[in-house]
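J.: got a predicted model here, sequence first, then my questions.
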Amino acid sequence: MPREAASDERFRAVVERLRMPGMGTEVVAPLLASLIHLVRPRRVLEIGMGHTTPYLARALAEVEELVAAETEGLARKTLPYLADGRELDEEWVEAEPALLTPSEYLEPFRPRLVAIDDFSDSGSSAPQVTRALDELGLADRVTVVNADLRNAVERLPEEWRPIDFAWVDAWDCLYFFENCWELIDPDGGIVVMHYLMTYPEGEAILRYIAESQRLRPGEFEVLSLLESHKLRQNSMTVLRRTSGATPREYSDTGQRPRLGGRVRADALTLARSLAARVAPSEDLRKARDVSRAAAVRTSAAPDTGRREQA
């Protein structure tokens, strides 16, 4: 059996021990993992540990590895453009790793998960999660806070703000919305709440959220997804905070990417960084020569408040 398939089999075997049929997370857990791959959060918060915890932790580990590979690949495919002084083009956009935005790769990607649980629910698999994470080699990616939500916020790590992604799988959805909302990144931070549809208390929370959205236009977006084939534990409500959303206009009409300006500058920064630390190839030598020549021109230029760009 290939190593990757064996690893997947082992993962499934371990997490299956955490799955509680009455919790309804057999579809939710892999969906959360896919969302982690989609939005690539750096600071992730889980309220209510269990079957979903290893999925979140493994997804963060996978994305970290993927981002590292993409960063180097993006730099390598830019090297010939740096070496030859060419402008970026459509061929550059579609070359592997394709379609990437260089600015997203300038800072190291080191995501972490903080999981909060007071281990008081006898029907939860939370007490077994730590052992499962150890077995899977994921324990160092998760900081466990043993407390209920009301006493846990002040115990979050200092650097844990703003939160990029929160998964709330507890009876504290309303408390979280009222008391922890300001912890969520206003530039697209996401909160996913489990099971608010098809029962009176949950529907009341949804009406409260809808009224809050009406009174605070532009503050957030809401989408609820229903597993209508289930009697309970049958929905997810996704809130995306938008009050501080950064405009991201990457392309002109016809989806023609804007490849000059910041995109080109950030791509060249990545290529120069690679050229400075990797054994030279022909493209690397050319890129280094271009970077050195640009540095000489810049240092020799009169101080007019402007600098020449390579």
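T.: That came through, no problem.

J.: quick one: least confident helix or strand in this protein?
T.: helix 282-300 (a mean of 53; mean pLDDT, DSSP states H and E).

J.: would you map the strands across the chain?
T.: 43-47, 112-117, 142-146, 165-168, 190-194, 220-226, 235-241, 251-252, 256-257 (DSSP state E).

J.: show me what the last one is packed up against.
T.: Packed against strand 256-257 by the contact rule (3 or more Cβ pairs under 8 Å, 6 or more residues apart in numbering; DSSP states H and E) you find no helix or strand. The way it works is simple: take the backbone N, C-alpha and C, and place the C-beta from them, glycine included.

J.: what's the answer for the fifth one, then?
T.: Applying 3+ Cβ pairs under 8 Å, 6+ apart, we find strand 190-194 packed against helix 28-39, strand 165-168, helix 173-179, strand 235-241.

J.: and it, what's its mean pLDDT?
T.: Across strand 190-194, the average pLDDT comes to 98.

J.: so in this structure, which helix runs the longest?
T.: Among the segments of the chain that qualify as a helix by DSSP state H, the longest is helix 52-84.

J.: and that helix, how far from the chain's centre?
T.: Relative to its chain's centre, helix 52-84 lies at 12 Å (Cα atoms, centre = their mean, to the nearest Å).

J.: one more: stretch 213-224?
T.: Its chain's C-alpha centre and that of stretch 213-224 lie 22 Å apart, by Cα atoms, centre = their mean.

J.: buried sites along it?
T.: Residues of stretch 213-224 classed as buried: 220, 224 (neighbour count, 16 or more other Cβ atoms under 10 Å).

J.: related to what we said a few turns ago, mean pLDDT for the helices and strands packed on strand 190-194 - can I get that in a markdown table?
T.: As requested, the helices and strands packed on strand 190-194 are arranged in a markdown table below (pLDDT from 0 to 100):
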| stretch | mean pLDDT |
| --- | --- |
| helix 28-39 | 98 |
| strand 165-168 | 98 |
| helix 173-179 | 96 |
| strand 235-241 | 98 |
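
J.: and residue 42, how many neighbours does it have?
T.: 19 (other Cβ atoms under 10 Å).

J.: renumber starting at 52 from here on
T.: Right, with 52 as the first residue, what we last looked at is residue 93.

J.: relative to residue 144, how far out is it?
T.: Using Cβ to Cβ, to the nearest Å, residue 93 is found at 25 Å from residue 144.

J.: and for residue 300?
T.: Distance from residue 300 to residue 144, counting by Cβ to Cβ: 16 Å.

J.: can you check residue 222 too?
T.: Here the criterion is Cβ to Cβ. By it, residue 222 lies 47 Å from residue 144.

J.: now residue 109
T.: For residue 109 relative to residue 144 (Cβ to Cβ), the value is 30 Å.

J.: the two - which one has more neighbours?
T.: Between residue 109 and residue 144, counted using other Cβ under 10 Å, the more crowded position is residue 109 (20 against 16).

J.: all set, thanks.
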